[in-house]
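Undergrad: okay, sequence plus prediction incoming.
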Amino acid sequence: MFAFWIVCAVEWTQRLLGAIPDPRFWTLLSLIVTLYSGYQVFRLRSRVHLSRGVSGEHEVARILQQIRYKGFVAFHNLPGIGRNIDHVVVGPSGVYAIETKSRSGSGTIDYRGNEELVFAGRIKDALPLRHARGSASTVQSQLNHDLEDSYAVQPLVVFLGDWDVCRHKGDFNVDVTTANKLVEYFDLQQPALTGKEIAAISSCFEAAAAA
C-alpha cells in the first residue's frame with residue numbers, strides 16, 4: 001500500500017512540474033520493496049518450518065509413549081549432551097538417536113546408497129541421514145564418556161506425513177521409517193540389552209535431561 005501511494009505522489013509531482021520521468025527512482029524503489037518482501041517471506045517460511053518441526057516432535061513423542069510398557073524409555077530434546085537431539089530411546093533392542101522430519105508431499109522414500117534419500121522418485125536429500133548420524137555420534141560420545149562399557153547407538157530417521165519407506169536388501173547404517181510404522185519398527189528389533197544395562201544407560205540421559 002505504501003509503495004502504491006509513493007507511485008501516486010511521484011506521478012502527480014512530475015505531472016504538475018512537467019518533469020521527465022526518471023526510471024532510476026522506480027528501480028531503487030522496486031529493489032527495496034523486493035528485498036523487504038523476500039525477507040518477510042523467509043521469516044514466514046522459517047516460522048512455518050519451526051512450527052511443523054515442533055509439531056512433528058510432539059507427535060513422535062506421543063507415539064513413543066506407546067512402547068513404554070515394552071521396556072523402552074524415551075528422552076526428548078536433550079540439551080545437556082552438547083547437541084539438541086530430538087529423541088533418544090533406550091530399550092531391550094538397544095539405544096536409538098531419532099531425528100524427526102516433517103516433509104510435505106506423499107509417495108515413496110527410497111535409499112540411494114548410504115548417503116542419500118529419494119522422495120517420490122525425483123527429489124534427492126542427504127540431510128536427514130547426515131543429521132541422524134550426527135545425533136547418534138553425539139549420543140555415542142556421551143555414553144562413552146559416562147559408562148565403562150561401550151554401547152552402539154543406532155541412528156534413526158522418522159518421517160511424518162503420507163510417505164512409505166522402500167528399503168531394499170542391504171546393510172544401511174541409518175534406519176528410516178515413518179511415524180505410523182514406528183511402533184512396528186521397534187517390535188521387529190532383536191533383544192540386545194539387559195534390564196540392568198537399560199537402567200545404567202537411562203541414568204546418563206536422565207542427568208542430561210536435568211541439565
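TA: Thanks, I have it. Residues are numbered from 1 along each chain as shown.

Undergrad: and the pLDDT at A211?
TA: Confidence at A211, expressed as pLDDT, is 63.

Undergrad: and the residue nearest the centre of the chain, what does it touch?
TA: Geometric centre of the chain, nearest residue: K101, 4.0 Å, by Cα atoms, centre = their mean. Contacts for K101 were tallied using Cβ atoms under 8 Å, 6 or more residues apart in numbering; they are G56, P128, V157, V158, F159, L160. Every residue, glycine included, has its C-beta placed from N, CA and C.

Undergrad: burial measure for L143, as a count.
TA: Burial of L143 is recorded as 22 neighbouring residues (other Cβ atoms under 10 Å).

Undergrad: which stretches of the protein form helices?
TA: Remark: helices assigned in the chain by DSSP state H are 2-17, 23-64, 127-146, 182-187, 195-210.

Undergrad: got a pLDDT number for the residue nearest to the centre of the chain?
TA: Reported pLDDT for K101: 88.

Undergrad: that one bridge partners, please.
TA: F159 (DSSP bridges).

Undergrad: could you report the separation of it from L127?
TA: Plainly put, K101 is 9 Å away from L127 if you go by Cβ to Cβ, to the nearest Å.

Undergrad: who are the contact partners of Y36?
TA: Y36 touches nothing, counting by Cβ under 8 Å, 6+ apart.

Undergrad: and it, how far is that from I6?
TA: On the measure of Cβ to Cβ, Y36 and I6 end up 13 Å apart.

Undergrad: do I85 as well
TA: Counting by Cβ to Cβ - I85 and I6 are separated by 50 Å.

Undergrad: please say which of these two ends up with more neighbours.
TA: I85 (23 against 14).

Undergrad: tell me how many other residues crowd R24.
TA: With other Cβ under 10 Å as criterion, R24 counts 7.
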